[in-house]
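Colleague: Using only what follows, build the 3D model:
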Amino acid sequence: MTPADRGGRRLVSVTTHLDQDGKAADLLARLPGRGDPAADLLGHLPAVGGIAWVRHGEGFAGFGQVLRIDAGTGPDRFARAAAELRALFGPADVVDEVGGWGTGPIAFGSFTFDPDSGGSQLVIPAAIVGRSGNRAWLTRVGWDRAPGVDETLVTAGSAGAAPDPPLSSTQALSADSFRRAVATAKAAIG
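Modeller: Okay, here's the model as predicted:
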């Protein structure tokens, strides 16, 4: 994606410590969700428009959307997606007061197994709550400037269909539910 493709806009992100930024803490207190995001990322994920990657309590919960990238089809869809991200993140203005793994702008990806099937996408969330070890942070992302706290709240409450509840390693399907899920998947595959 060239600057011309973006209308000359530049990606901007601001990452702040949750325990040191009163505005970030205020935002999190007003977001839908439950629990302390520094301790429970999935519990803080909004009911609408949320996406997460969490392992052993560490990871990211994002909401809102700055950009959705369609990676297309074919065996080169991964390389195209990586090139798009380099073109976006390379010239981005990044203010990162936390530093380290997972801070700054990130993209969540979902790729099809079949290279000829459509649906491979990357999403750059407008806000990301992250946790690694004893560090917790908030990253706000936007075009030409990072959104303010109130704008981030609007993003968190944006319209959309509520997703199914997340399935984690601590949740299991009953035997009947598992059989139905397998039958549905087999029917979809053909």
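
Colleague: Going along the chain, name the strands of the protein.
Modeller: 11-17, 50-55, 58-63, 67-70, 93-96, 108-110, 121-124, 127-132, 135-143 (DSSP state E).

Colleague: now residue 109, which residues is it bridged with?
Modeller: Beta-bridge pairing for residue 109 (DSSP bridges): residue 122.

Colleague: Per-residue pLDDT of it, please?
Modeller: Note on residue 109: pLDDT of 92.

Colleague: Could you check how far it is from residue 95?
Modeller: 24 Å (Cβ to Cβ, to the nearest Å). In this view, the C-beta of every residue, glycine as well, is placed from N, C-alpha and C.

Colleague: Please apply the same query to residue 84.
Modeller: Distance from residue 84 to residue 95, by Cβ to Cβ: 22 Å.

Colleague: out of those two, which sits in the busier spot?
Modeller: residue 84 (18 against 13; other Cβ atoms under 10 Å).

Colleague: Turn the strands of the chain into JSON lines, including distance to residue 176.
Modeller: Below are the strands of the chain laid out as JSON lines (distance: least, Cβ to Cβ, whole Å):
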{"stretch": "strand 11-17", "distance to residue 176": "45"}
{"stretch": "strand 50-55", "distance to residue 176": "27"}
{"stretch": "strand 58-63", "distance to residue 176": "31"}
{"stretch": "strand 67-70", "distance to residue 176": "35"}
{"stretch": "strand 93-96", "distance to residue 176": "48"}
{"stretch": "strand 108-110", "distance to residue 176": "28"}
{"stretch": "strand 121-124", "distance to residue 176": "32"}
{"stretch": "strand 127-132", "distance to residue 176": "35"}
{"stretch": "strand 135-143", "distance to residue 176": "39"}
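
Colleague: of all those strands, which lies closest to residue 179?
Modeller: strand 108-110 (25.3 Å; Cβ to Cβ).

Colleague: Identify each buried residue in that closest one, please.
Modeller: 108-109 (16 or more other Cβ atoms under 10 Å).

Colleague: If you count contacts, what does it end up packed against?
Modeller: strand 121-124 (3 or more Cβ pairs under 8 Å, 6 or more residues apart in numbering; DSSP states H and E).

Colleague: Count the residues that sit near residue 107.
Modeller: 20.

Colleague: Ok, residue 102 next?
Modeller: 18.

Colleague: pLDDT at it, what is it?
Modeller: 86.

Colleague: Show the contacting residues for the nearest residue to it once chain neighbours are set aside.
Modeller: Once flanking residues are discounted, residue 102 sits nearest to residue 130: 5.1 Å by Cβ to Cβ, 6 or more residues apart in numbering. By Cβ atoms under 8 Å, 6 or more residues apart in numbering, the contact set of residue 130 is 41, 59-61, 102-103, 136-139.
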